[in-house]
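Engineer: my questions are about this predicted structure, shown below with the sequence.
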Amino acid sequence: MNSPKNTDRTAALAAALHAAEREVREIDGIVPAHPDLTLDDAYAIQRALVALYERPVVGLKAALTSRAKQVAMNVTQPGYGTLLDFMKVDGTLRRSELIHPRVEPEIALFFEDLPTDRMLASDEIAVLATGFAPALEVIDSRYKKFKFTAVDVYADNCSSSRFMLGRDVLPLPHPQLELAGVVLEKNGDIVQTGAPAAVLGHPFTSAAFVLNLAIAHGVQLPRRFVLLTGGITEAVPVEVGDVIRCRFGGIGEISLSVTE
Ligand code: OOG
Ligand code: MG
């Protein structure tokens with residue numbers, strides 16, 4: 001059980017992360033001052049943080065599901081974050097709203113009326129998902145220099161900031177979705193390449209992992225929601241004037257321009 005003291009601390013840390021995001025400024029990691037925090041505490045802070053926005057939840061995102069991401073961020077524990085309506089963008093990213101944004105390619109899956117009374121198997125995701133789309137996620141850690149531990153990052157809603165979906169929802173099943181190669185360009189230069197198999201072997205495996213964890217935590221999801229299955233490659237920093245273009249083998253491409 002949470003003592004009143006712990007509840008106060010959860011609320012205070014969530015408020016600090018919320019203020020950092022709203023005021024577009026970075027803060028120190030929370031673990032050095034609170035070394036006893038557990039991953040469960042981190043998710044409790046994430047829930048309190050998400051509630052502070054008073055905005056509709058539109059989905060979930062997998063975090064640190066690829067080796068490229070785990071190595072880059074030095075955190076090997078996969079998990080999830082929560083997506084809110086204002087995070088969705090359509091072709092333009094406003095740099096002034098963000099601290100130190102980075103962009104990463106992902107596969108998005110769409111769901112409707114998911115069972116929440118039992119564990120889901122990866123194979124079932126193929127049947128339960130109503131479609132998929134290529135996606136870009138914009139992450140923006142609230143921590144100084146984009147550095148964190150697992151507890152820090154799960155408390156900070158996994159650096160969630162913005163996301164953009166491909167124009168069309170594509171039907172499932174899709175042959176070998178895990179092999180739909182990704183080529184990420186910044187201002188015309190190829191900066192990252194990969195394949196969706198990077199996320200725990202298949203986007204469906206990543207989705208099952210995240211959904212089972214979120215269901216076990218009692219997370220309430222809307223009837224229809226989107227799930228980002230995790231950064232396939234390392235994330236790429238962006239600045240004003242940058243144009244990101246990402247091509248996904250056989251399933252389309254997405255472009256995102258960074259403005260002031
Ligand atoms: C944490 C968020 C990770 C992913 O797709 O792995 C994430 C971070 O790298 O800041 O979104
Ligand atoms: Mg991501």
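Structural biologist: All right, it came through fine. Numbering: from 1, shown residues only. Ligands and ions are numbered 1, 2, ... in the order given.

Engineer: where do the strands sit along the stretch 151-260 of the chain?
Structural biologist: Assignment of strands within the stretch 151-260 of the chain using DSSP state E, counting those that start in this stretch yields the ranges 160-165, 182-186, 189-194, 224-228, 236-237, 243-248, 252-259.

Engineer: just send those back as CSV, with mean pLDDT, mean neighbour count and distance to ligand 2 too.
Structural biologist: C-beta here means a position set from N, CA and C on the backbone, and glycine is covered the same way. CSV is the format used below for the strands of the stretch 151-260 of the chain (pLDDT from 0 to 100; neighbours: other C-beta atoms under 10 Å; distance: least, C-beta to the ion, whole Å):
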stretch, mean pLDDT, mean neighbour count, distance to ligand 2
strand 160-165, 98, 23, 8
strand 182-186, 98, 20, 13
strand 189-194, 98, 14, 13
strand 224-228, 98, 22, 6
strand 236-237, 98, 16, 12
strand 243-248, 98, 21, 13
strand 252-259, 98, 16, 14
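
Engineer: just put the ones you listed in CSV and tack on distance to Leu13.
Structural biologist: Formatted as CSV, the strands of the stretch 151-260 of the chain follow (distance: least, C-beta to C-beta, whole Å):
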stretch, distance to Leu13
strand 160-165, 16
strand 182-186, 33
strand 189-194, 32
strand 224-228, 24
strand 236-237, 26
strand 243-248, 32
strand 252-259, 30
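
Engineer: out of those, which comes closest to Arg22?
Structural biologist: Nearest to Arg22 among these is strand 160-165 (12.2 Å), distances taken as C-beta to C-beta.

Engineer: so where does the residue in the stretch 51-200 of the chain that ligand 2 sits nearest to fall, helix or strand?
Structural biologist: Residue nearest to ligand 2 within the stretch 51-200 of the chain: Glu137 (3.9 Å; C-beta to the ion). Here Glu137 sits within strand 131-139, counting by DSSP states H and E.

Engineer: and that strand, what does it pack onto?
Structural biologist: Packing contacts for strand 131-139, counted by 3 or more C-beta pairs under 8 Å, 6 or more residues apart in numbering; DSSP states H and E, involve strand 102-112, strand 160-165, strand 243-248, strand 252-259.

Engineer: take the ones you listed and write them to TSV, including distance to Lys145.
Structural biologist: Formatted as TSV, the helices and strands packed on strand 131-139 follow (distance: least, C-beta to C-beta, whole Å):
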stretch	distance to Lys145
strand 102-112	12
strand 160-165	16
strand 243-248	22
strand 252-259	20
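
Engineer: re earlier: any residue of the strand holding Glu137 touching ligand 1?
Structural biologist: Yes: under the criterion of C-beta under 6 Å from any ligand atom, ligand 1 is reached by strand 131-139 at 137, 139.
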